[in-house]
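Asks: Sequence first, predicted coordinates after that:
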Amino acid sequence: MTHCTFPQQTSARRTGGFTLIELMVVVTIAATLAAIAIPSYRNYNMKANRSAAGQIMLNISNREEQYILDARAYSDVPGSSGLNITQDTWTCSNTPATGCTNTFYRVTIAVTTGTPPTYTITGTPVSGSYQATDGKLTLTSAGVKSRSAGDGKW
């Protein structure tokens, strides 16, 4: 009977784990992806918040046109004692200076009496939020929309 002998391994076997180089490559790739994704995500959120402000401003404009038919004047009160605006995530008060607010915008109404009466609805970004750099939104009784920053569009 013959015996088979196996040569012993003299080199060290690799244990489970990652080398420092492999870990650094993964961290670099993750950092690059984050550097691209985070600004895009923030820009997407700013547009969504601007759209929400634009929606309530259009809602207020529609209510103003209904209100003038009944009262023969526009109202600068968005709350229940005026236009009675209700919209998800927005709080509308009976104080003209407070207007309607959410986390990112304050929407107020300025009414001008005269012949014909006019109004201007202004959406001002709340200071301290990342929306503050987005600029003011305005909507007039003539239907003119503008934004004070960027490309000027809603």
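Replies: Noted; the coordinates are in hand. Residues are numbered from 1 along each chain as shown.
Asks: Now name the helix or strand holding the residue nearest the centre of the chain.
Replies: Closest to where the C-alpha atoms of the chain average out (C-alpha atoms, centre = their mean) is residue 49, at 2.5 Å. Element membership of residue 49, judged by DSSP states H and E, is helix 20-71.
Asks: Summarise which helices and strands that helix is packed against.
Replies: Packing partners of helix 20-71 (3 or more C-beta pairs under 8 Å, 6 or more residues apart in numbering; DSSP states H and E): strand 105-112, strand 118-125, strand 137-140. For the C-beta atoms, the positions are set from N, CA and C on the backbone; glycine is no exception.
Asks: picking that back up, confidence score at the residue nearest to the centre of the chain?
Replies: Listed pLDDT for residue 49 reads 95.
Asks: Pull the contacting residues for it.
Replies: Residues counted as contacts of residue 49 (C-beta atoms under 8 Å, 6 or more residues apart in numbering) are 104, 105, 131, 134.
Asks: need the contact list for the last one.
Replies: Applying C-beta under 8 Å, 6+ apart, one finds that residue 134 lies in contact with 46, 49, 50, 125, 147, 149, 150.
Asks: Run through the bridge partners of residue 120.
Replies: residue 110, residue 140 (DSSP bridges).
Asks: pLDDT below threshold where in the chain?
Replies: 1-15 (pLDDT under 70).
Asks: about what we covered before: the helix holding residue 49 versus strand 118-125: what angle between them?
Replies: 160 degrees (axes from the mean of the first three to the mean of the last three C-alpha atoms, to 10 degrees).
Asks: helix or strand right after helix 20-71?
Replies: Next element after helix 20-71 (DSSP H and E): strand 91-92.
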